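# Okay, predicted coordinates and the sequence, questions at the end:
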There are 2 protein chains.
Amino acid sequence: MNTEWIAVDWGTSHLRAWAMQGSTALDHAQSDKGMAHVGPDGFQAALLDLIENWLPGAPVDVVACGMVGARQGWVEAPYSTVPSEPLPDVPIRVPGSDPRIRAFVIPGLKQTTPPDVMRGEETQIAGFLGTRQNWDGVICLPGTHTKWVQVSAGEVVSFRTFMTGELFDLLCGQSVLRHSVGPGWDEDAFAEAVADTLSKPEQLAARLFNLRAADLLQGQAKATARARLSGMLIGAELAATRPYWLGQQLAIIGAEGVSQTYATALQRQGAFVETANATEATLAGLALARNMTRQTA
Amino acid sequence: MNTEWIAVDWGTSHLRAWAMQGSTALDHAQSDKGMAHVGPDGFQAALLDLIENWLPGAPVDVVACGMVGARQGWVEAPYSTVPSEPLPDVPIRVPGSDPRIRAFVIPGLKQTTPPDVMRGEETQIAGFLGTRQNWDGVICLPGTHTKWVQVSAGEVVSFRTFMTGELFDLLCGQSVLRHSVGPGWDEDAFAEAVADTLSKPEQLAARLFNLRAADLLQGQAKATARARLSGMLIGAELAATRPYWLGQQLAIIGAEGVSQTYATALQRQGAFVETANATEATLAGLALARNMTRQTA
């Protein structure tokens, strides 16, 4: 295997790496050594564990995006301020790394008003825009913290973060609703909950406990409760983001399951939605960042 | 000490008991043997641990309210259906109890549409109404699961449950916001967040992550973030309950701190609010239930 460079997506919970030749992935590895599970001095070791077999001997570039660039990360890569291109600055070189690698971390983006931050999504956005000419519109990146990003003339103009995924996980796993929510899905219940919450977002707080009571009193199926909960939370997000998606060109970049869930909800509201593969966008963005490091080398 | 009967408030997380003479509490004891921490056969032992010293020898009545009457509790006390008096039925006798006690559990209330349930609050409501003649209005019982209860002509007409307290605890303790929220309070930040969320409830989902970003980018004080989070969640609850409190006679029954938080938020919206002591209401309600058991003995 002839590894030319190494692409890394290093988030809070996971570390993923690819052995790259140009824009082609030769191999892939991952571990649970996300930011949250690595001590201040453990970053290089956690990475080498994963990529050591790929190293050809001569130093190779390692380009990483994600929370690894936070203050508590491998090296702090200070945010760029929007409006801005998604990758306006050359990635930050990690000092004192193993002689077999030259490691770089991509800066995130910040917004002053309202305050908001992203780390990792800027790379996916750059990768997505790199494959399209003059794409203007709104990108939704669903996940633990979903981002809605307004793009114009190659720049991120504004963005908003939603804790929808994290709220869903907390309510399903830790709250009293855990007794009433279970695996499976009910598409009609999801669609109805999205529509209800979009039309009366002020009633959201009143509806959550219904999921528990409907189980106790009516034996509501746990899959139905799960789909309704998802529909309520995504409906609340769509109520807040209406100006972002109503009548806009719209792309969703995310894991397949959650992207499809968002796409279905948006299509039922009459939105026109394109979905893009998250890994492809990440690798394309990391390749763009790698080219920036070479131009300044 | 001459214990005449024993009052018990047995919820999900705590067990509280009082040695009573008429309506006077002679002594009080509590433990963490709530429903969630007691096995199916452990109820009587958990209770006796707490009250054994009070038992005079001759059998005494023990009257309990709360989750202890759930299907997984000491004995199932099936719900009464609203509209209904708060204590329409004689408490359920626990079979086969220790010869030194005659134990009873108070049934909860259920509502068919929208589905909802309560266990414990019906006793506080009965106790509160027992001290007032012809009280009509709305009672708010804030806590882990806040209840809003419409009362007319001595009956609970309808009610709604809100997971506000549980959501606050999950977001403060388990979510990414835990890094940005800390002890203390900021009354202005709370009031502003309540007002913002009441006026634009559809924006709630967009505002939660601001608490994290405002810390990262502006060093927002952790006490301010905590008050803002509380204001957002209580604001969402007040948006959903507006028909319950707008222009209604209003009473809050709860622990002192949380009752004051709700009272402040409601007073700023022009509501007239009375607060009542939760323990007094519980004991008054348990005393009424005990009289019902004596009339049928």
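Looks like it came in fine.

# from here on, contacts and neighbour counts on C-alpha atoms
Noted.

# C-alpha coordinates for whichever strand or helix holds residue A:188, PDB please?
For residue A:188, the host element (DSSP states H and E) is helix A:187-199. Taking C-alpha atoms only, helix A:187-199 is exported to PDB below (Å, rounded to 0.1, in the frame of the first residue of the first chain):
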ATOM      1  CA  GLU A 187     -43.700   6.600   9.800                       C
ATOM      2  CA  ASP A 188     -47.200   7.900  10.200                       C
ATOM      3  CA  ALA A 189     -46.700   8.700  13.900                       C
ATOM      4  CA  PHE A 190     -43.400  10.500  13.000                       C
ATOM      5  CA  ALA A 191     -45.100  12.600  10.200                       C
ATOM      6  CA  GLU A 192     -48.000  13.500  12.400                       C
ATOM      7  CA  ALA A 193     -45.700  14.600  15.300                       C
ATOM      8  CA  VAL A 194     -43.600  16.800  12.900                       C
ATOM      9  CA  ALA A 195     -46.700  18.400  11.500                       C
ATOM     10  CA  ASP A 196     -48.300  19.000  15.000                       C
ATOM     11  CA  THR A 197     -45.200  20.500  16.400                       C
ATOM     12  CA  LEU A 198     -44.600  22.700  13.400                       C
ATOM     13  CA  SER A 199     -48.100  24.100  13.500                       C
END
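
# Which elements pack onto that helix?
Secondary-structure packing of helix A:187-199 (3 or more Cα pairs under 8 Å, 6 or more residues apart in numbering or on different chains; DSSP states H and E): helix A:222-240, helix A:256-268.

# Save the ones you listed as JSON lines, and put in distance to residue B:65, mean neighbour count and mean pLDDT too.
Formatted as JSON lines, these follow (distance: least, Cα to Cα, whole Å; neighbours: other Cα atoms under 10 Å in any protein chain shown; pLDDT from 0 to 100):
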{"stretch": "helix A:222-240", "distance to residue B:65": "28", "mean neighbour count": "26", "mean pLDDT": "97"}
{"stretch": "helix A:256-268", "distance to residue B:65": "43", "mean neighbour count": "17", "mean pLDDT": "96"}
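
# Quick one: these as a markdown table, columns for distance to chain B too.
A markdown table is the format used below for the helices and strands packed on helix A:187-199 (distance: least, Cα to the nearest Cα, whole Å):
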| stretch | distance to chain B |
| --- | --- |
| helix A:222-240 | 5 |
| helix A:256-268 | 15 |
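
# ok, for the residue in the stretch 1-150 of chain A that chain B sits nearest to, nearest residue in space, not its chain neighbours?
In the stretch 1-150 of chain A, the residue that lies nearest chain B is residue A:116 (4.9 Å; Cα to the nearest Cα). In space, residue A:116 comes closest to residue B:213 once its chain neighbours are excluded; the distance is 4.9 Å by Cα to Cα, 6 or more residues apart in numbering or on different chains.

# Give the helix, strand or coil label for the one you found.
The three-state assignment at residue B:213 reads helix, by DSSP: H, G, I helix; E, B strand; the rest coil.

# Surely it touches residue A:115?
Yes - the criterion here is Cα atoms under 8 Å, and residue B:213 meets it with residue A:115 at 5.4 Å.

# thinking again about what came up before, spit out the contact partners of the residue nearest to residue A:116.
Neighbouring residues of residue B:213 by Cα atoms under 8 Å, 6 or more residues apart in numbering or on different chains: A:115, A:116, A:117.

# Return the distance of the closest residue to residue A:199 other than its chain neighbours relative to residue B:210.
Leaving aside its chain neighbours, residue A:199 sits nearest to residue A:239 (8.0 Å; criterion: Cα to Cα, 6+ apart). Counting by Cα to Cα, to the nearest Å, the gap from residue A:239 to residue B:210 is 17 Å.

# got the residues of the stretch 101-250 of chain A near chain B?
Listed as neighbours of chain B in the stretch 101-250 of chain A under the rule Cα under 8 Å from any Cα of the partner chain: A:112, A:114-117, A:160-164, A:166, A:170, A:174-175, A:201-210, A:213-214, A:217, A:236-237, A:239-241.

# Of the residues you listed, which belong to strands?
A:116, A:117, A:160, A:161, A:162 (DSSP state E).

# Any idea what the second one is bridged to?
For residue A:117, the beta-bridge partners are residue A:110 (DSSP bridges).

# isn't it right next to residue A:109, touching?
Yes - counting by Cα under 8 Å, residue A:117 does reach residue A:109; the two are 5.8 Å apart.

# what touches both of these two?
residue A:79.

# contacting residues around the residue of chain A positioned farthest from its centre?
Distance from the C-alpha centroid of chain A, by Cα atoms, centre = their mean, peaks at residue A:217 (38.1 Å). Applying Cα under 8 Å, 6+ apart to residue A:217 gives the contacts B:112, B:115.

# what about it, distance to residue A:69?
49 Å.

# Centre of the chain to stretch A:156-169, how far?
In terms of Cα atoms, centre = their mean, to the nearest Å, the centre of stretch A:156-169 is set 9 Å apart from its chain centre.

# follow-up on the earlier one: in the ones in strands among the residues of the stretch 101-250 of chain A next to chain B, find the pair that's most separated.
A:117 and A:162 (11.3 Å; Cα to Cα).
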